[in-house]
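Peer 1: sequence plus the predicted model coming up.
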Amino acid sequence: MDIVLDVKALSKVYGSKGNIYTALDHIDLQIEAGEFVGIMGPSGAGKTTLLNVISTIDKPTSGTITVGGENIEAMNENKLASFRRNKLGFIFQEFNLLDTLTLKENIILPLTLAKMRPALVDKKAAEICEILGISEILSKYPYEVSGGQKQRAAAARAIITEPALILADEPTGALDSKSSQELLQCLSEINKSKNATIMLVTHDAFAASYCHRLLFIKDGKFFAELVRGNNSRREFFPKILDVLAAIGGKNNDMI
């Protein structure tokens, strides 16, 4: 299996001299093509820092990050911009949709900027929006639809470029339970049908139960790993809660 993400000896240190805070402490991580991997941990554990460094929003203090065979530390700013656009897909807690564009216009914006042929753009949009269940509302503007529909449109925009790696940062954080479940089911379907590689950062055991593999981070280091295997989500859920309890995480969600 191809390795999509390869992180080696990754550290991130803030401050200097007597006032140093180590957010990441020699992290090693590999994600294979087609995996749906979750990163969990209590507040301040380092999971958001890890996401920010992998996504090139922040720079590591030391270590290497390779995505799709490309070492991002060796890239200049111009190449990094192209890399983000072509190799990474982002789904954040905030939808980050443009209210002046329809949902379809928001979704196809990356392909439009890449000057892809309109016929191919329409084909890709139709296919991905069918999976996400938003085909009937593409002519609407973001302010005319629900939060769950906005987030599925944001997910479609992230996925339509067929990136090597999709990074999802608390994507259900602003959604109600029904909308959260709909989004997670859609991400799971895209993972299966498109062999999409997804890294989900979450504090929510319900969201994490959709993942194939979970890595738990504490004090900037990986603390434990859970593999779902043949377990159902219902069987996987209490195992997640047990690890969260061991590292000080909290979760009140019910499956």
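Peer 2: In hand now; what should we look at?
Peer 1: can you report how many residues lie near the closest residue to residue 97 other than its chain neighbours?
Peer 2: Closest residue in space to residue 97, ignoring its immediate chain neighbours: residue 142 at 4.3 Å, by Cβ to Cβ, 6 or more residues apart in numbering. All C-beta spots, glycine's among them, are computed from the backbone N, C-alpha and C. Here the count is done by other Cβ atoms under 10 Å, and residue 142 has 20 residues near it.
Peer 1: in terms of contact, does residue 142 touch residue 99 like I think?
Peer 2: Yes - look at residue 142 against residue 99 with Cβ atoms under 8 Å: they come within range, at 5.3 Å.
Peer 1: how about the lowest-mean-pLDDT helix or strand in the chain: buried residues?
Peer 2: Lowest by mean pLDDT, DSSP states H and E among the helices and strands of the chain is helix 77-87, with a mean of 88. Residues 83, 84, 87 are the ones in helix 77-87 that count as buried (16 or more other Cβ atoms under 10 Å).
Peer 1: same question, stretch 8-27
Peer 2: Neighbour-count burial for stretch 8-27 [16+ other Cβ under 10 Å]: 10, 11, 12, 22, 23, 24, 25, 27.
Peer 1: now those in TSV, with distance to residue 190 and pLDDT?
Peer 2: Formatted as TSV, these follow (distance: Cβ to Cβ, whole Å; pLDDT from 0 to 100):
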residue	distance to residue 190	pLDDT
10	27	96
11	32	96
12	30	95
22	35	92
23	30	94
24	28	95
25	33	95
27	27	95
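Peer 1: just those: which are in strands?
Peer 2: 10, 11, 12, 22, 23, 24, 25, 27 (DSSP state E).
Peer 1: on that earlier part again, what's the separation between the residue nearest to residue 97 and residue 150?
Peer 2: 5 Å (Cβ to Cβ, to the nearest Å).
Peer 1: list the residues that contact both of these two?
Peer 2: Common neighbours of residue 142 and residue 150, counting by Cβ atoms under 8 Å, 6 or more residues apart in numbering, are 95, 97.
Peer 1: sorry, back to before: in CSV: the ones in strands among the buried residues of stretch 8-27, plus distance to residue 50.
Peer 2: Putting those into CSV (distance: Cβ to Cβ, whole Å) gives the following:
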residue, distance to residue 50
10, 8
11, 11
12, 8
22, 13
23, 8
24, 6
25, 11
27, 7
